[in-house]
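A.B. asks: prediction below, plus the sequence it came from.
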Amino acid sequence: MRKDIDQLARDHPDRFFVSYSLTGDNIRSDWEGYRGRGSVEMAQSSLPPPSSDNETTMIFVCGTDGFRDLWAGSISRAPPLPDGSKGPKIQGPLQGLLKQAGYTESDVFKY
């Protein structure tokens, strides 16, 4: 998958940005990417700036519940549908690192 993601970044350098971060104790000493699950500094240096009057930014956040909560806050679900299937996801308020970095709810989509 990394090859495909890197290719998208090469094909669309003005619209698609990728930054990698590794966690754990066994990171190679020659790793030049980020380390850790995230920080405000990581968000500010690796993501486009929050939307302004002239530019629109959209940050998509996916991953485990803990990762998503750290970066953007939790999501919830509407009540189950009549057929018993899960209700649709509800974005909820923006929280976490992205809020601290100056993004707004209209800049972020959590899934």
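C.D. replies: Here it is on my side, so go on. Numbering: from 1, shown residues only.

A.B. asks: need the contact list for the most centrally placed residue in the chain.
C.D. replies: Centroid-nearest residue in the chain, with CA atoms, centre = their mean: V61, separated by 3.0 Å. Contacts for V61 (CB atoms under 8 Å, 6 or more residues apart in numbering) come out as F67, R68, W71, A72, L98, V108, F109, K110, Y111. C-beta coordinates here come from the backbone N, C-alpha and C atoms, glycine included.

A.B. asks: list the beta-bridge partners for it.
C.D. replies: When bridges are called by DSSP bridges, V61 pairs up with K110.

A.B. asks: distance of it relative to P79?
C.D. replies: V61 sits 24 Å away from P79, going by CB to CB, to the nearest Å.

A.B. asks: for G102, same thing?
C.D. replies: Distance of G102 to P79, computed by CB to CB: 34 Å.

A.B. asks: of the two, who's got more company?
C.D. replies: G102 (12 against 8; other CB atoms under 10 Å).

A.B. asks: and that one, what does it touch?
C.D. replies: Q44, P49, P50.

A.B. asks: then it would be within a strand, right?
C.D. replies: No - the assignment for G102, made by DSSP: H, G, I helix; E, B strand; the rest coil, is coil rather than a strand.

A.B. asks: quick one, strands of the protein?
C.D. replies: 21-22, 34-35, 59-61, 76-77, 89-90, 108-110 (DSSP state E).

A.B. asks: tell me the most buried of those?
C.D. replies: Sort the strands of the chain by mean neighbour count, taking mean count of other CB atoms under 10 Å, and strand 108-110 sits at the top with a mean of 20.

A.B. asks: nothing else from me, thank you.
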